[in-house]
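**Student:** Sequence and predicted structure are below.
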Amino acid sequence: MKAITIDGISKKYGKTQALDQINLEVEEGALFGLIGPDGAGKTTLFRILTTLLLADTGQASVTGLDVVKDYKEIRKTIGYMPGRFSLYQDLTVEENLNFFATIFGTTIEENYDLVRDIYVQIEPFKNRRAGKLSGGMKQKLALSCALIHKPTVLFLDEPTTGVDVVSRQEFWEMLRKLKEKGITILVSTPYMDEASLCDRIALIQKGQLLSIDSPTNIIQQFSKPLYAVKTNLLHQLLGDLRTFPLTDTVFPFGEYLHLTTKQQLEEDQLTIFLQNKGHQKIQLHPTKATIEDCFMELMTN
């Protein structure tokens, strides 16, 4: 049985098409990533799947339960961590966890084995009010509260936004351990580098799915010549590369620009072109595609 099935889901806010005919399946026990920028439709889809919002058209199910007809049963079996920290700021760490356990008719002790690895990191601060925690600690508390009733499917909407790099790494390690315990995880993120940590991903932009596959397969499908380019005139480089006759696409990528070309490039062609534009210290080399490169390529098709 599929843990999540989405068939033709669409949603509009006024004239804005938030989701447009979304079709998606997530296998039981998978760590599945929904990857896309802000405004792509990730949160809207999560709210529909967690029974907080009705779709305009289409159907969806979670663990075989319809998100409209069986919403009460679904709410008992899923864990949901929204993008914005939504726990009670004036309650302590321990009070928040006890509160959510009580709502679901359980106790911290009953399901402690599931949250142990996460909770031990915040237990020293159990008497601190949630509003006084750091971003990383708030994240761990929210995840503990989402897990305390032992859900079968876990929905995490941009859980690493706004936290430091170390906390992001720790969080994904926690997700890997939860997956090993058989929990299906659907996580959304705007960070393209986190895509490689998922079993499968769906790239989403403007309410449409661009590609669904494993991160490795998506990267392998990138077929255009790709180069990393850098010069002493970075502010000018983007505009100049866009006028190069063989340029297909060019986008900023860290300290370099990533350039795709219409055909394999003789590097001297581009070097001479840039020198004639006044560029010096030219660095140009072929590079391997990343998920971000694939995303940008799919957007421009």
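**Tutor:** Thanks, I have it. Numbers count the residues shown, from 1 in each chain.
**Student:** residue ranges for the strands of the stretch 101-250 of the chain, please.
**Tutor:** Remark: strands assigned in the stretch 101-250 of the chain by DSSP state E, counting those that start in this stretch are 153-157, 184-189, 200-205, 208-213, 226-230, 247-253.
**Student:** List the contacts of the third one.
**Tutor:** I take that to be strand 200-205. 24, 26-27, 30, 32-37, 40-42, 45, 195, 209-215, 218, 291, 294-295, 298-299 (CB atoms under 8 Å, 6 or more residues apart in numbering). C-beta: built from backbone N, CA, C; applies to glycine.
**Student:** That one pairs with which strands, and in what direction?
**Tutor:** Applying DSSP bridges, strand 200-205 is found paired with strand 31-35 (parallel), strand 208-213 (antiparallel).
**Student:** on that earlier part again, for PyMOL, write the select line for the buried members of the contacts of strand 200-205.
**Tutor:** Those of the contacts of strand 200-205 that count as buried under 16 or more other CB atoms under 10 Å are selected in PyMOL with:
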select buried, resi 24+26+30+32+33+34+35+36+40+41+42+45+195+209+210+211+212+215+218+291+294+295+298
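**Student:** Tell me which of the strands paired with strand 200-205 sits nearest to Pro82.
**Tutor:** strand 31-35 (14.0 Å; CB to CB).
**Student:** helices or strands up against the helix or strand that the closest one is followed by?
**Tutor:** Next along the chain after strand 31-35, taking DSSP states H and E as the criterion, comes helix 42-49. Applying 3 or more CB pairs under 8 Å, 6 or more residues apart in numbering; DSSP states H and E, one finds that helix 42-49 contacts strand 2-13, strand 16-27, strand 31-35, strand 57-62, strand 153-157, strand 184-189.
**Student:** for these, which one sits closest to Leu97?
**Tutor:** strand 153-157 (16.1 Å).
**Student:** Mean pLDDT and distance to Thr77 for the strands of the stretch 101-250 of the chain - can I get that in TSV?
**Tutor:** Below are these laid out as TSV (pLDDT from 0 to 100; distance: least, CB to CB, whole Å):
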stretch	mean pLDDT	distance to Thr77
strand 153-157	96	7
strand 184-189	96	11
strand 200-205	97	22
strand 208-213	96	24
strand 226-230	96	44
strand 247-253	95	41
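**Student:** Could you say which of those is packed most deeply?
**Tutor:** Comparing the strands of the stretch 101-250 of the chain by mean neighbour count (mean count of other CB atoms under 10 Å), strand 184-189 comes out on top with a mean of 25.
**Student:** would you list the helices and strands packed on helix 42-49 in TSV and tack on distance to Met137?
**Tutor:** What follows is those, written out as TSV (distance: least, CB to CB, whole Å):
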stretch	distance to Met137
strand 2-13	29
strand 16-27	29
strand 31-35	23
strand 57-62	29
strand 153-157	16
strand 184-189	19
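**Student:** Nearest to Pro286, out of those strands?
**Tutor:** Judging the helices and strands packed on helix 42-49 by CB to CB, what sits closest to Pro286 is strand 31-35, at 24.8 Å.
**Student:** by how many degrees do the closest one and strand 2-13 diverge?
**Tutor:** Using axes from the mean of the first three to the mean of the last three CA atoms, to 10 degrees, the direction of strand 31-35 lies 20 degrees away from that of strand 2-13.
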